[in-house]
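> below are the sequence and a predicted model; questions follow.
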Amino acid sequence: MARGFKTLDDMGEVAGKRVLVREDLNVPMADGQVTDDTRLRATLATVTELADRGAIVLLLAHFGRPKGRPDPTLSLAMMTRPYSQLLGRPVRFVDWDGAAAAVATLRAGDIAVLENTRFFAGEEANDPQVVETMAALGDLYVNDAFSAAHRAHASTEGLAHRLPAFAGRAMEAELDALDKALGAPEHPVAAVVGGAKVSTKLDVLQHLVARVDHLIIGGGMANTFLAARGVAVGKSLAEHNLAGTAEAILQAAERAGCTVHLPYDVVVATEFRANPPTRTVNVHEVGADEMILDVGPAAVEALGDVLKNCRTLVWNGPLGAFETPPFDAATVSLARTAAALTREGGLVSVAGGGDTVAALNQAGVADEFTFVSTAGGAFLEWMEGRALPGVAALSA
């Protein structure tokens, strides 16, 4: 309990006990096929361990946005087959109608997926009645879905107060990694924050400047900061109305002893499309008709040198418009540098967020970072320093 939450190691004997396990099965599907099983694979360690220990494993999850009523197109019944294939063992489906009777037929080691939790109107409102309905089916509760931990729903937060609550293996790994990244990191710490708009990551930036030694700003966000410093950014995406806010963040960083790194050379084009004519220029040489679409090679090389002197890295967001070549070059280059430093044992690297995971996969290094979180909103809220209800409930 030194970490403030219990894990599967603290559960004791579970043979024959019904364990409600909140997982994230909200995966992309097309024509009945799972198109990305990353989240499903993240559940395997917890589900397999509990089943092998003789528990009756009852999976709780949401799928899509059914708005509090049953929707056949969003039923988790369609998940049993692909999930069974991935697990390599049978998986039952249990509808909410007659759930108690169906669960009573399960035996030690059986695994079942319960129907979409969001078919309940009170799931997202954390309705005590919904909590009771779910709790009546189980003896113990495990939350293994960090990606849903920023929501105080019945299945993510309410149940933790109603049944003995534990963190699953994926949740445990996530919380341990995040603690190493910002909770109690080894300094110097660098943070890479990218993305289109400063407005979506204001709280992140304000939180980080007091906690990291180096703040590397990329993406369209960097243009806003450059513009705030009087740099003419042409037709680049920039929130000029946030110049005062950007300046305040830079001043807060200076007071905290945090070095902010903005690009000093950039890749520009007059049109945003794949492989247009480009120029690499100093930030003070951007033409009035040009857009900054990536960080330049000299700045990326300097950022690599920064990482070589750091012990911890937390990364959220790409440095450029990485989905459109050649504007993925800076993100790919710096990601590969971070991966190499991680391999050598000099850097603890933690990354998260949808765009970030896609960018690291594009660079071919997602597996080489210390930890890559598949969570989007939860990872961002954690970077903002917010308490996540689903995590806080495990520590209560």
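Arrived safely. Numbers count the residues shown, from 1 in each chain.
> low-scoring stretches of the chain, by residue?
For the chain, the stretches with pLDDT under 70 are 1-3, 396.
> one more pass at 50, please.
Low-confidence segments of the chain (pLDDT under 50): 1-2.
> show me where the stretch 51-200 of the chain has helices.
Using DSSP state H, counting those that start in this stretch, the helices of the stretch 51-200 of the chain run over residues 80-87, 99-104, 128-135, 159-162, 169-178.
> including mean neighbour count, could those helices go into CSV?
Using the backbone N, CA and C atoms, a C-beta is placed for each residue, glycine as well. Formatted as CSV, the helices of the stretch 51-200 of the chain follow (neighbours: other Cβ atoms under 10 Å):
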stretch, mean neighbour count
helix 80-87, 17
helix 99-104, 14
helix 128-135, 18
helix 159-162, 21
helix 169-178, 22
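> could you export these as TSV, including distance to Y264?
Below are the helices of the stretch 51-200 of the chain laid out as TSV (distance: least, Cβ to Cβ, whole Å):
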stretch	distance to Y264
helix 80-87	47
helix 99-104	60
helix 128-135	54
helix 159-162	48
helix 169-178	31
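> please identify which of those is closest to L388.
helix 169-178 (9.6 Å; Cβ to Cβ).
> which secondary structure elements does the closest one contact?
helix 38-52, strand 371-373, helix 389-395 (3 or more Cβ pairs under 8 Å, 6 or more residues apart in numbering; DSSP states H and E).
> can you redo the ones you listed as CSV with mean neighbour count and distance to A173?
Listed next are the helices and strands packed on helix 169-178 as CSV, based on neighbours: other Cβ atoms under 10 Å; distance: least, Cβ to Cβ, whole Å:
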stretch, mean neighbour count, distance to A173
helix 38-52, 19, 8
strand 371-373, 21, 7
helix 389-395, 21, 13
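> out of these, flag the one nearest P277.
For the helices and strands packed on helix 169-178, proximity to P277 was assessed by Cβ to Cβ; strand 371-373 is nearest, at 34.5 Å.
> next SSE downstream of the closest one?
helix 377-383 (DSSP states H and E).
> same for that next one, what does it pack against?
helix 202-208, strand 312-316, strand 348-352.
> of these, which approaches R169 most closely?
strand 348-352 (17.2 Å).
> restrict the closest one to CA atoms and write it as PDB.
The C-alpha coordinates for strand 348-352 follow below in PDB (Å, rounded to 0.1, in the frame of the first residue of the first chain):
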ATOM      1  CA  VAL A 348      12.700   7.100 -18.600                       C
ATOM      2  CA  SER A 349      10.300   8.000 -21.500                       C
ATOM      3  CA  VAL A 350       6.600   8.200 -21.000                       C
ATOM      4  CA  ALA A 351       4.200   9.200 -23.800                       C
ATOM      5  CA  GLY A 352       0.500   9.400 -24.200                       C
END
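> quick one: residues in contact with that strand.
177-178, 180-181, 185-186, 311-316, 338-339, 341-342, 357, 360, 369-376, 379-380, 383 (Cβ atoms under 8 Å, 6 or more residues apart in numbering).
> and what of stretch 198-217?
Outside of stretch 198-217, the residues that reach it under the criterion Cβ under 8 Å, 6+ apart are 182, 187-195, 221, 224-225, 239, 242, 245-246, 249, 252-253, 256-262, 303, 306, 310, 314, 316-317, 380, 383-386.
> inside strands: which ones of those?
Of the contacts of stretch 198-217, the ones assigned to strands by DSSP state E are V189, A190, A191, V192, V193, T259, V260, H261, V314, N316.
> ok now stretch 103-119, how far from the chain's centre?
27 Å (Cα atoms, centre = their mean, to the nearest Å).
> give the buried residues for that stretch.
Buried residues in stretch 103-119, counted by 16 or more other Cβ atoms under 10 Å: 103, 106, 109-119.
> now compare the residues you listed and name the two farthest from each other.
Put simply, by Cβ to Cβ the two of those set farthest apart are G109 and R118, 28.2 Å from each other.
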